[in-house]
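> Turn this into a model:
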Amino acid sequence: MGLVDSFVKVGTVKPEFEVADVIRQYGDAYRRKYHVSWEQEKAMRDIVKCRTAALGGYVEECDTCGRLRIRYCPCKNRNCPKCGAFKKAQWLVKQQVKLLPGPYFHVIFTIAHEVNELANVTPSTIFDLLFHTAADMLKAYALKYLGGETGFTMVLHTWSQTMSKHIHVHCIVWGGALGKGKRGARVRTSKKTFLFQAQDLAKDFRNEFCRRLRKMHKKGKLDMAAEVAEVDVEAMIKKIESKLWNVFIKPAPSDPKELCKYLGRYVRGIAISNYRILSIKRGRVRFKYCDNRDGGKEKVMSLPAVEFLRRFLQHVLPSRFVRVRHYGLHHSSKREDRDLIRQLMGKDEKEPTEAPKLDLGEWLQSFLPEGQDPRQCPFCENGRMYLRTEFEGFSPLKAALLSMLGIPVRGVAPG
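Numbers count the residues shown, from 1 in each chain. From the prediction side, this is the model:
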């Protein structure tokens, strides 16, 4: 019944306002104004049901005072603000064991905003093109300047702080390369503060992306998308070819695990978290954001509720689309090469054959004051809560019957 995810953010204060509240109040108005894709509709339904009786749950009982506590199950939708924290933590543990000795770098590839219209119609095509082009550029630069194969992990990110469309990929890139020749294998690493020339990489990335986009257009793969988006693809390509594109390269902290944690925010991330929403009233939603153009100052934005939902839902990815991808020496098939690199660099430890598993108890403990048991009874504060029973989700009919008996059911509208 999803017991693990139900402990997300134990010990934190529940936000007063949630994305689910906006959907409940203004979801129908949004549907009347905009076309809703299957993935968006599913996201809206799941977010509204998340941690309510509609998805079922379980009952816990204290072994000392006998008091009962009801917990509801999560929806597990990757677009839900309340789900995915433990999965993200597990992902971090798996990635950190792959890290290689030597410097790491944070690299960001951003495409021109003019491509957004095409991405709205055919997102998988544009996102895949971004992944493949950026990956090929990193591979080519590593071979040219470091003489071998490097390793990196890429995470797709499509939003800005105000939920506007801002398509880019975050990469954690090893500052080294493994070369194999007649004289055997060798490792060459970059300087700690310099990987590649960002301006050259940005120019080559732009040219290659535009070349591949033009090739797709000539083969007719973008015709339908261009017609729906009312975009002249060739004119758009000529326009973005004349612009300067941004590729950001920054050395990672001395401990590259910190960079993994940063990327982890986007692994199960969504366009906005519930804690950023300040109010929902009179058809408007107020939320806080960091203005990166003004030194990262925290500011407040107010949007019509329907526009808020439009911005939020435009970042729902196509079904089964893989937003986190591993390349080169970070790929799961390269474990032996990673062990070889550690050996060549004088490191004795080997990567475990099985991915490590994060202990739920230890993870929960990180959210609580030192010494506090995550299973401690919140009522008597002496006993421990244990699972007494589980129950299935309530349908609207069941909710209506319970309502007639005076028993409220959270999250299910009767009738």
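> where are the low-confidence patches of the protein?
1-13, 266, 268, 361, 365-371, 394-415 (pLDDT under 70).
> rerun at 80
1-14, 253-269, 352-374, 393-415 (pLDDT under 80).
> residue ranges of the strands in it, please?
57-62, 68-72, 104-110, 151-159, 165-174, 176-181, 184-189, 247-251, 277-281, 284-291, 297-304, 324-328, 385-391 (DSSP state E).
> Okay, now the sheet partners of the fourth one, with direction.
Which is strand 151-159. strand 165-174 (antiparallel), strand 324-328 (antiparallel) (DSSP bridges).
> any chance of the strands of the chain in TSV, with distance to residue 228 and mean neighbour count too?
C-betas here are computed from N, CA, C, even on glycine. Shown next, in TSV, are the strands of the chain (distance: least, C-beta to C-beta, whole Å; neighbours: other C-beta atoms under 10 Å):
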stretch	distance to residue 228	mean neighbour count
strand 57-62	42	19
strand 68-72	39	15
strand 104-110	24	22
strand 151-159	19	22
strand 165-174	16	22
strand 176-181	43	18
strand 184-189	47	15
strand 247-251	30	17
strand 277-281	32	16
strand 284-291	28	18
strand 297-304	25	13
strand 324-328	27	19
strand 385-391	45	13
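> Same list (those strands) but as CSV, adding distance to residue 236.
Shown next, in CSV, are those (distance: least, C-beta to C-beta, whole Å):
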stretch, distance to residue 236
strand 57-62, 50
strand 68-72, 47
strand 104-110, 16
strand 151-159, 19
strand 165-174, 14
strand 176-181, 36
strand 184-189, 40
strand 247-251, 20
strand 277-281, 35
strand 284-291, 28
strand 297-304, 28
strand 324-328, 26
strand 385-391, 54
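> For residue 316, which of the ones you listed is the nearest?
Shortest distance between residue 316 and the strands of the chain, using C-beta to C-beta, is found for strand 151-159: 9.6 Å.
> outside of that closest one, which residues touch it?
95, 98, 100, 107, 127, 130-131, 134-135, 138, 165-174, 263, 266-267, 269, 271, 311, 314-315, 317, 323-331, 334, 338 (C-beta atoms under 8 Å, 6 or more residues apart in numbering).
> 7 Å instead?
95, 100, 127, 131, 134-135, 138, 165-174, 263, 266-267, 271, 315, 323-330, 334 (C-beta atoms under 7 Å, 6 or more residues apart in numbering).
> How about residue 187: what's its closest non-neighbour residue?
Computed as C-beta to C-beta, 6 or more residues apart in numbering, the closest residue to residue 187 that is not its neighbour in sequence is residue 344, at 4.9 Å.
> rewinding a little: right, and the strands paired with strand 151-159 - which one's nearest residue 356?
Nearest of the strands paired with strand 151-159 (C-beta to C-beta): strand 324-328, 16.5 Å.
> Could you give the separation of stretch 298-316 from the chain centroid?
18 Å (C-alpha atoms, centre = their mean, to the nearest Å).
> re the thing from before, the strands paired with strand 151-159 into TSV, with extra columns for distance to residue 293?
Formatted as TSV, the strands paired with strand 151-159 follow (distance: least, C-beta to C-beta, whole Å):
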stretch	distance to residue 293
strand 165-174	12
strand 324-328	28
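> Out of the ones you listed, which gets nearest to residue 87?
That would be strand 324-328 among the strands paired with strand 151-159, by C-beta to C-beta, at 11.3 Å.
> Not counting the closest one itself, show me its contacts.
With C-beta under 7 Å, 6+ apart as the criterion, strand 324-328 contacts 131, 135, 139, 149, 150, 151, 152, 153, 154, 155, 267, 332.
> and which of these is nearest residue 240?
Nearest member of the contacts of strand 324-328 to residue 240, counting by C-beta to C-beta, is residue 131, at 18.1 Å.
> Run through the residues that contact the closest one.
Taking C-beta under 7 Å, 6+ apart as the test, what residue 131 contacts is 154, 169, 325.
> if you set the cut-off to 8 Å instead, what comes out?
So residue 131 contacts 154, 156, 169, 325 (C-beta under 8 Å, 6+ apart).
> ok, and the closest non-adjacent residue to residue 373?
Using C-beta to C-beta, 6+ apart and skipping residues adjacent in sequence, the residue nearest residue 373 is residue 384, 6.7 Å away.
> In this structure the one you found contacts residue 62, no?
Yes. Counting by C-beta atoms under 8 Å, residue 384 touches residue 62, with 7.1 Å between them.
> what do the two both touch?
Joint contacts of residue 384 and residue 62 (C-beta under 8 Å, 6+ apart) are residue 377.
> Run the angle between the helix with the most length in the chain and strand 184-189 for me.
The helix that spans the most residues within the chain, counting by DSSP state H, is helix 123-146. Interaxial angle of helix 123-146 relative to strand 184-189 (axes from the mean of the first three to the mean of the last three C-alpha atoms, to 10 degrees): 100 degrees.
> send the alpha carbons of helix 123-146 over as CSV?
What follows is helix 123-146, C-alpha atoms only, in CSV (Å, rounded to 0.1, in the frame of the first residue of the first chain):
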residue,chain,number,x,y,z
PRO,A,123,8.2,17.2,-26.4
SER,A,124,9.8,13.8,-26.7
THR,A,125,11.4,14.7,-30.0
ILE,A,126,12.9,17.9,-28.8
PHE,A,127,14.0,16.6,-25.4
ASP,A,128,15.7,13.5,-26.9
LEU,A,129,17.5,15.8,-29.4
LEU,A,130,18.8,17.9,-26.5
PHE,A,131,20.0,14.8,-24.6
HIS,A,132,21.7,13.2,-27.6
THR,A,133,23.3,16.4,-28.8
ALA,A,134,24.7,17.5,-25.4
ALA,A,135,25.9,14.0,-24.7
ASP,A,136,27.7,13.7,-28.1
MET,A,137,29.4,17.1,-27.5
LEU,A,138,30.7,16.0,-24.1
LYS,A,139,32.0,12.7,-25.5
ALA,A,140,33.7,14.5,-28.4
TYR,A,141,35.3,17.1,-26.2
ALA,A,142,36.5,14.5,-23.8
LEU,A,143,38.1,12.5,-26.6
LYS,A,144,39.7,15.6,-28.1
TYR,A,145,41.0,17.3,-25.0
LEU,A,146,41.4,14.4,-22.5
